[in-house]
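> Build me a structure from this.
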Amino acid sequence: MPRRTTTALFTTTPANPRVSVVIPTYNEAKNLPHVFALLPADIHEVIVVDGCSIDDTIDVARTLRPDVKIVLQNRRGKGNAMACGFAAVTGDIIVMLDADGSADPREIPDYVAALTNGADFAKGTRFANGGGSSDITRIRAWGNRWLNRAANLLFGTRYTDLCYGYNAFWTRCLDVLALDAGDRTTQHKLWGDGFEIETIINTRVAKAGLHIVEVPSYEYDRRFGTSNLNTWRDGLRVLRALLIERLNGTGATQAAAIRRMPPAALPTQRTELSRTA
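Numbering: from 1, shown residues only. Model (predicted):
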């Protein structure tokens, strides 16, 4: 398992945490009925972050769940979508969930249990007992294995699945992640806006010394449509993210500042809202 923190970063844990599910979408109208149908009934809020879909994704989401919160991302890429969604969260726990049906929403209670049992960050893994995948190709598994080894060497972790994006964490950890949802008046991807977002998050929680617990998860095939993931291009972005994150202090710097705060000033949740539709 990844390393544990030796000094508590946060001191309060809600007894009955409110769970916010953040789902980035781009033309996922056919997949949303399956995903929404499997969401636990006691979810606090579902936030769909749309990247200018040209199908009926937003209308379908509102039809399936009238209380859904729609956020329009302000740049391009999954990383920007997640940052915009995180900024709109009002719950205590954030769950990162893909819209293509590959991640099983019925596993959300497992992630929540890991957090309420003391973890700061619950990291999904397809390569632990109880996990698996019917979607990952042989070459992607090979690349993930080597990137995983590089991450563990560079950051002192013991991750088994670096590139898996099904994760959950306490909202109070957003200060450590230091993600940028600001609109910089550009339609082009900025660093961190792409598929490297999972690597950036995974390395920053490690640098912050957070208590990380891996949660076995099964990845299914995408139900409809085609993935925007490009094995070689995005693999190189992940490798670059590992090198950049090893050299910068983001995560560790924010954690050090939080540890210097008096208990009454510790972050509990974020309520800054992104542009909504």
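
> got the contact list for Ser134?
Tyr218, Glu219, Tyr220, Asp221 (C-beta atoms under 8 Å, 6 or more residues apart in numbering). The way it works is simple: take the backbone N, C-alpha and C, and place the C-beta from them, glycine included.

> and these, which of them are in strands?
Tyr218, Glu219 (DSSP state E).

> Please indicate which of the contacts of Ser134 has the highest neighbour count?
Glu219 (21 neighbours; other C-beta atoms under 10 Å).

> where's the residue nearest to that one when sequence neighbours are not counted relative to Cys163, distance?
Closest residue to Glu219 apart from its sequence neighbours, by C-beta to C-beta, 6 or more residues apart in numbering: Ser133 at 3.9 Å. With distances taken as C-beta to C-beta, to the nearest Å, Ser133 is found 11 Å from Cys163.

> So if I had to pick from those two, which one is more boxed in?
Remark: of Ser133 and Cys163, Cys163 carries more neighbours, 24 against 18, as counted by other C-beta under 10 Å.

> I'd say the more buried one and Trp146 touch.
No: using C-beta atoms under 8 Å as the test, Cys163 is too far from Trp146 to be in contact (10.7 Å).

> remind me which residues of the stretch 151-277 of the chain are low pLDDT?
Along the stretch 151-277 of the chain, segments meeting pLDDT under 70 span 184-188, 191, 225-232, 234, 262-277.

> Tell me the one among the contacts of Ser134 nearest to Ala151.
Glu219 (18.9 Å; C-beta to C-beta).

> Could you give the bridge partners of that closest one?
Ala103, Ser133 (DSSP bridges).

> which residues touch it?
Ser102, Ala103, Arg126, Gly132, Ser133, Ser134, Asp135, Ile136, Tyr164, Tyr166.

> Distance check, the last one against Asp180.
Which is Tyr166. Note on Tyr166: its distance to Asp180, by C-beta to C-beta, is 23 Å.

> more crowded one of the two?
Neighbours of Tyr166 and Asp180, each counted by other C-beta under 10 Å, are more numerous for Tyr166; the result is 26 against 16.

> Excluding chain neighbours, give the residue nearest to that one in space.
Spatial nearest neighbour of Tyr166, chain neighbours left out: Gly124 (3.7 Å); criterion: C-beta to C-beta, 6+ apart.

> Counting by contacts, list what the helix or strand containing that neighbour packs against.
In the assignment (DSSP states H and E), Gly124 maps to strand 121-125. Contacts defined by 3 or more C-beta pairs under 8 Å, 6 or more residues apart in numbering; DSSP states H and E place strand 121-125 against helix 108-116, strand 167-170, strand 212-216.

> which outside residues touch that strand?
Under C-beta under 8 Å, 6+ apart, the answer for strand 121-125 is 2, 103, 107, 110-112, 114-115, 131, 159-161, 164-170, 173, 202, 205, 210-217.

> if you set the cut-off to 7 Å instead, what comes out?
2, 111, 114-115, 131, 159-161, 164, 166-169, 173, 202, 205, 210, 212-217 (C-beta atoms under 7 Å, 6 or more residues apart in numbering).

> okay, now Leu247: neighbour count?
Counted with other C-beta under 10 Å, residues neighbouring Leu247 total 8.

> So it versus Tyr220, what's the distance?
Look at Leu247 and Tyr220: by C-beta to C-beta, they are 36 Å apart.

> what do you get for Asp92?
28 Å.

> Likewise for Thr199?
Using C-beta to C-beta, Thr199 is found at 22 Å from Tyr220.

> cool, Tyr111 as well?
Separation of Tyr111 from Tyr220 (C-beta to C-beta): 17 Å.

> Now do the phi/psi pair for the residue nearest the centre of the chain.
Centroid-nearest residue in the chain, with C-alpha atoms, centre = their mean: Met96, separated by 4.1 Å. Main-chain dihedrals, Met96, degrees, to the nearest 10: phi -90, psi 120.
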